[in-house]
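**Q** My questions concern the predicted model and sequence given below.
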Amino acid sequence: MPAHDTPAPESRRPRLDVDTAAVRLAVRRCLADVGLPEGSAVLVAVSGGADSLALAAATAFEARASGIRTHAVVVDHGLQPGSDEIAGTAAEQVRGWGIEPHVVRVQVTDAGGPEAAARTARYAAIDTICLEVGATLVLLGHTLDDQAETVLLGLARGSGTGSLQGMAPLLGRYARPLLGVRRTQTRASCAALGIPVWDDPHNASAEFTRVRVRERVLPVLEAELGPGVAEALARTAEQAREDTQAFDEMIEEFIEEICEPAEAGIAVQAGALAANPAALRHRIIRYVAHAEFGRSLSRGHTLAIAALVTDWRGQGPIDVPGITVRREAGRLVFTAAGES
């Protein structure tokens, strides 16, 4: 065989490592599912950590093949010394991959606790840049491990089946392509590609509940129950979202049959609620509260309203935050608080 028919070893393309391949595949599937047309813009949220940098590198690779413009938003929370340098380094890293970076310095207050305040400021900055660059989609670097932690935190708070859904892969303009990718894979991908990463010291501080779940609770579960706990929690979230979506579609169809306008509110047929299982009855009550009044009911409030159906003895109105519910002429009448 002629020598020129066999490429010299140094000219062969390096074999793609399995972890980078997994991250790229996740991004490719996300972009395909959304169906962005050529010329669209996506925005990647980058912190400088392994998850977001692996995501950004994979997005740069996949976007080029799809004719999609890529931007990155790097949010400097200003919570640590040298945070501006960290943000600047991350911006230069993604610029080298053909991604246009946008660094935003935000002011974090103490409202709602440091985690919630930082999250609020971060998403406000992301939304601002998203509008400025005309991005159709925002990619976030949450991994399967983040999903597992979210589910456990929701269970601990007693948030009901809603907590089992975890984070949605796609919600509005926000997409999370890496919910099926482990945190170890994003770090391994960065190592294979020679990408230096920044480890946020807050991610190792036991001051934060999520860190305690990550560093203490999940390892104990893995040790006592065997490996695969995180994957099992992520699968549970996926199944819960499927069930909830089906339930919501059923409720939207059913609600039109059993609801009617009422003065300053909406009325639901008590007989129809009584004829259905408790799970459906409670979901309808929560649906009405959220859809009509923008309120999320606790389980205690939901059960108190349901008692007007299942344990009706002529009792008076039920007051829950922002809503008054009374039984009248075989109907549950929901009105804004103070307007009944």
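**A** Yep, that arrived. Because the structure is a prediction, the values reported are computed rather than measured.
**Q** got the buried residues for the worst-scoring helix or strand of the chain on mean pLDDT?
**A** Least confident helix or strand of the chain, by mean pLDDT, DSSP states H and E, is helix 161-164 with a mean of 74. By 16 or more other CB atoms under 10 Å, the buried positions in helix 161-164 come out as S163, L164. Just so you know, the C-beta spots here come from the backbone N, C-alpha and C atoms, and that holds for glycine as well.
**Q** pull the CA atoms of it into CSV?
**A** Extracted in CSV, the C-alpha atoms of helix 161-164 (Å, rounded to 0.1, in the frame of the first residue of the first chain):
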residue,chain,number,x,y,z
THR,A,161,-45.3,15.8,44.1
GLY,A,162,-44.3,19.2,42.6
SER,A,163,-40.9,18.8,44.3
LEU,A,164,-40.3,15.5,42.6
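**Q** which residues sit against that helix?
**A** Defining contact as CB atoms under 8 Å, 6 or more residues apart in numbering, one finds that helix 161-164 is touched by T150, V151, L153, G154, L155, R157, T236, A237, A240, D243, T244.
**Q** can you redo those residues as CSV with distance to A191, neighbour count and pLDDT?
**A** Shown next, in CSV, are the contacts of helix 161-164 (distance: CB to CB, whole Å; neighbours: other CB atoms under 10 Å; pLDDT from 0 to 100):
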residue, distance to A191, neighbour count, pLDDT
T150, 26, 21, 92
V151, 28, 24, 92
L153, 29, 17, 89
G154, 32, 18, 85
L155, 33, 14, 85
R157, 35, 10, 78
T236, 30, 17, 91
A237, 28, 24, 92
A240, 34, 17, 88
D243, 38, 13, 85
T244, 37, 15, 83
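**Q** For R122, state which of these is nearest.
**A** Using CB to CB, T150 comes nearest to R122 of those, at 16.4 Å.
**Q** coming back round to it: distance to A118 for the contacts of helix 161-164 - can I get that in JSON lines?
**A** Output for those, formatted as JSON lines (distance: CB to CB, whole Å):
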{"residue": "T150", "distance to A118": "16"}
{"residue": "V151", "distance to A118": "21"}
{"residue": "L153", "distance to A118": "16"}
{"residue": "G154", "distance to A118": "20"}
{"residue": "L155", "distance to A118": "24"}
{"residue": "R157", "distance to A118": "19"}
{"residue": "T236", "distance to A118": "28"}
{"residue": "A237", "distance to A118": "23"}
{"residue": "A240", "distance to A118": "27"}
{"residue": "D243", "distance to A118": "32"}
{"residue": "T244", "distance to A118": "28"}
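**Q** how far out from the middle of the chain is whichever helix or strand comes after the least confident helix or strand of the chain?
**A** As assigned by DSSP states H and E, the chain's next helix or strand after helix 161-164 is strand 170-171. Here strand 170-171 shows a centroid-to-chain-centroid distance of 7 Å under the convention CA atoms, centre = their mean, to the nearest Å.
**Q** cool, stretch 255-265 as well?
**A** 32 Å.
**Q** which residues touch that stretch?
**A** If you take CB under 8 Å, 6+ apart as the criterion, stretch 255-265 is touched by 266-269, 272-273, 284, 287-288, 292, 331, 333-336, 339-340.
**Q** and that stretch, how far apart are its ends?
**A** Across stretch 255-265, the terminal residues are separated by 15 Å (CA to CA, to the nearest Å).
**Q** now swap in stretch 32-44 and tell me
**A** End residues of stretch 32-44 are separated by 16 Å (CA to CA).
**Q** Ok, stretch 106-117 next?
**A** Stretch 106-117 end-to-end distance (CA to CA) = 11 Å.
**Q** What of stretch 76-85?
**A** Separation of the first and last residues of stretch 76-85 by CA to CA is 9 Å.
**Q** Now it: average pLDDT?
**A** In this model, stretch 76-85 has an average pLDDT of 77.
**Q** What are the buried residues along the longest helix along the chain?
**A** Ranked by residue count and defined by DSSP state H, the top helix of the chain is helix 229-258. Applying a neighbour-count criterion of 16+ other CB under 10 Å, one finds 229-230, 233-234, 236-238, 240-241, 251, 254-255, 258 buried in helix 229-258.
**Q** Which helix or strand lies directly C-terminal to it?
**A** Next element after helix 229-258 (DSSP H and E): strand 259-262.
**Q** Secondary structure element holding the closest residue to S205 other than its chain neighbours?
**A** Leaving aside its chain neighbours, S205 sits nearest to V211 (5.8 Å; criterion: CB to CB, 6 or more residues apart in numbering). Using DSSP H and E, the element containing V211 is helix 209-212.
**Q** helices or strands next to that helix in the packing?
**A** helix 144-157 (3 or more CB pairs under 8 Å, 6 or more residues apart in numbering; DSSP states H and E).
**Q** The helix it packs on vs helix 229-258, what angle?
**A** Orientation check (axes from the mean of the first three to the mean of the last three CA atoms, to 10 degrees): helix 144-157 against helix 229-258 gives 60 degrees.
**Q** ok, residues contacting helix 144-157?
**A** Helix 144-157 is contacted from outside by 51, 162-164, 166-167, 178-183, 209-210, 213-214, 217-218, 229-231, 233-234, 236-237, using CB under 8 Å, 6+ apart.
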